[in-house]
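Novice: Show me how the following folds:
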Amino acid sequence: MSLPSITPAYAPQPADVAWPTNEWPRGEIAHQEQLVAVADEAFSRPELARTFGVVVIRGGRVLYERYGDVIEHFDREPEPVTADTSLLSWSMAKSMLHFIVGTLVEQGRLDPDAPAPVPEWTGENDPRRTIRLADLLAMRDGLDFSEVYSVDQPSHVVDMLFGIGQADVSRYAADRPLAHRPDTVYNYSSGTTNIISGVVADVLGAGDPYRTYLKDRLFDPLGMTHATPTFDESGVWIASSYVHAPALEFAKFGLLYLRGGEWEGRRLVPQSWCDTAQIPRSHDPDNGHYYGWQWWITDDRYGTYWASGYEGQRIYVVPALDALVLRFGRTDAEHYPDIEAWRGRVLDVLASP
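Specialist: The predicted structure is shown next:
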């Protein structure tokens with residue numbers, strides 16, 4: 001299938017709107033009542049259940065914010081969801097790793113077009129030694145990795161996150177053999193992201209140096225003061241799946257990309273790197289969407305692309321409307337199209353004259 005030609009687009013921060021490093025500005029639109037009614041559907045429609053939180057932002061201002069339901073924990077009482085609740089990113093963390101890689105590419109410490117510096121692949125006759133960092137970013141590495149979230153059938157992602165691979169997620173994934181020649185077949189893989197995270201750990205230093213870099217380069221500049229990444233025992237960020245933060249802090253990350261990598265007049269990553277989040281590299285036949293470098297892409301009239309997480313975690317970035325739509329909750333994959341349809345209704349209200 002041919003891929004659409006998409007020109008990356010961004011929206012500058014309005015001159016009269018403060019950056020939300022410390023606090024989000026608030027506002028309303030002419031169709032505020034209609035926006036509230038449509039956004040509220042995320043909490044009332046049974047096919048979207050369960051929704052924990054929704055945030056809608058336009059022009060750098062929060063137009064809508066609502067929370068609901070409770071989060072169950074194994075070690076304490078259920079927690080009612082509020083603006084302060086630390087929500088789980090799941091695979092939205094992949095898009096955060098995209099940012100971190102971009103900073104290292106800018107510094108000349110990583111090269112997307114070079115073979116990925118993965119120790120497990122250095123053997124002279126190892127066919128994996130030709131896998132480029134770009135192939136990993138695009139999920140086109142060719143590795144045999146099963147992304148099945150079920151305990152009832154063989155699953156590499158379950159073994160990696162919860163089983164034999166959890167102590168060293170990058171090594172577990174890097175040990176997988178090739179199933180296809182690199183850059184020939186798209187295969188969405190959390191293992192692939194953790195291989196990239198292992199490469200980053202080798203560059204920065206595993207454990208504390210990696211944590212410090214995340215804090216200094218991403219979380220602190222944006223004011224994501226409660227963002228908490230999870231590392232495995234080897235000191236590698238499990239970037240396939242784990243950042244906890246309140247909803248409005250995840251929204252800051254979305255705004256960073258909407259602004260093309262700029263924050264408070266400071267460039268945190270090149271705009272050309274942000275472009276790679278919006279350029280389709282593959283088509284996913286299972287859901288009909290496109291995939292770039294660790295970001296999902298639509299071909300809608302608003303230029304929407306998004307960070308996506310298990311059970312319907314979403315940060316939608318919408319350049320044509322200078323908007324962000326975030327949704328958190330627990331929804332089965334069979335109802336993901338319902339989330340996309342809801343997002344479309346929200347955007348159509350924002351686009352109303």
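
Novice: just the helices in the stretch 101-250 of the chain please.
Specialist: 133-137, 156-162, 169-174, 190-204, 208-214, 220-222, 247-258 (DSSP state H, counting those that start in this stretch).

Novice: try the stretch 251-353 of the chain
Specialist: Under DSSP H, counting those that start in this stretch, the stretch 251-353 of the chain gives helices at 271-275, 336-350.

Novice: Serialize those to a markdown table and add fields for mean pLDDT, mean neighbour count and distance to Glu311.
Specialist: C-beta here means a position set from N, CA and C on the backbone, and glycine is covered the same way. Output for these, formatted as a markdown table (pLDDT from 0 to 100; neighbours: other C-beta atoms under 10 Å; distance: least, C-beta to C-beta, whole Å):
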| stretch | mean pLDDT | mean neighbour count | distance to Glu311 |
| --- | --- | --- | --- |
| helix 271-275 | 98 | 18 | 27 |
| helix 336-350 | 97 | 18 | 9 |
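
Novice: okay if I get those as TSV plus distance to Arg181?
Specialist: What follows is the helices of the stretch 251-353 of the chain, written out as TSV (distance: least, C-beta to C-beta, whole Å):
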stretch	distance to Arg181
helix 271-275	27
helix 336-350	30
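
Novice: Which one, of the ones you listed, ends up nearest to Val36?
Specialist: Closest approach to Val36 among the helices of the stretch 251-353 of the chain is made by helix 336-350 (9.4 Å; C-beta to C-beta).

Novice: Run the chain-centre distance for the closest one.
Specialist: Centroid separation for helix 336-350 versus its chain: 18 Å, with C-alpha atoms, centre = their mean, to the nearest Å.

Novice: do stretch 142-152 as well
Specialist: Using C-alpha atoms, centre = their mean, the offset of stretch 142-152 from its chain centre is 19 Å.

Novice: Quick check: mean pLDDT of that stretch?
Specialist: Taken as a whole, stretch 142-152 has a mean pLDDT of 88.

Novice: Tell me which residues of it come out buried.
Specialist: Judged by neighbour count (16 or more other C-beta atoms under 10 Å), stretch 142-152 contains these buried residues: Gly142, Leu143, Phe145, Ser146, Glu147.

Novice: For the first one, which non-adjacent residue is closest in space?
Specialist: In space, not counting the residues next to it along the chain, Gly142 is nearest to His180; the distance is 4.0 Å by C-beta to C-beta, 6 or more residues apart in numbering.

Novice: Minimum distance to Leu87: which of the helices of the stretch 101-250 of the chain has it?
Specialist: Closest approach to Leu87 among the helices of the stretch 101-250 of the chain is made by helix 247-258 (6.0 Å; C-beta to C-beta).

Novice: Can I get the closest one in PDB, CA atoms only?
Specialist: Provided in PDB are the C-alpha atoms of helix 247-258 (Å, rounded to 0.1, in the frame of the first residue of the first chain):
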ATOM      1  CA  ALA A 247      -2.900  14.100  32.800                       C
ATOM      2  CA  LEU A 248      -2.000  17.700  32.500                       C
ATOM      3  CA  GLU A 249       1.700  16.800  32.600                       C
ATOM      4  CA  PHE A 250       1.200  14.400  29.700                       C
ATOM      5  CA  ALA A 251      -0.500  17.300  27.900                       C
ATOM      6  CA  LYS A 252       2.800  19.300  28.200                       C
ATOM      7  CA  PHE A 253       4.600  16.600  26.300                       C
ATOM      8  CA  GLY A 254       1.900  16.800  23.600                       C
ATOM      9  CA  LEU A 255       2.300  20.600  23.400                       C
ATOM     10  CA  LEU A 256       6.000  20.300  23.000                       C
ATOM     11  CA  TYR A 257       5.500  18.400  19.700                       C
ATOM     12  CA  LEU A 258       2.600  20.700  18.700                       C
END
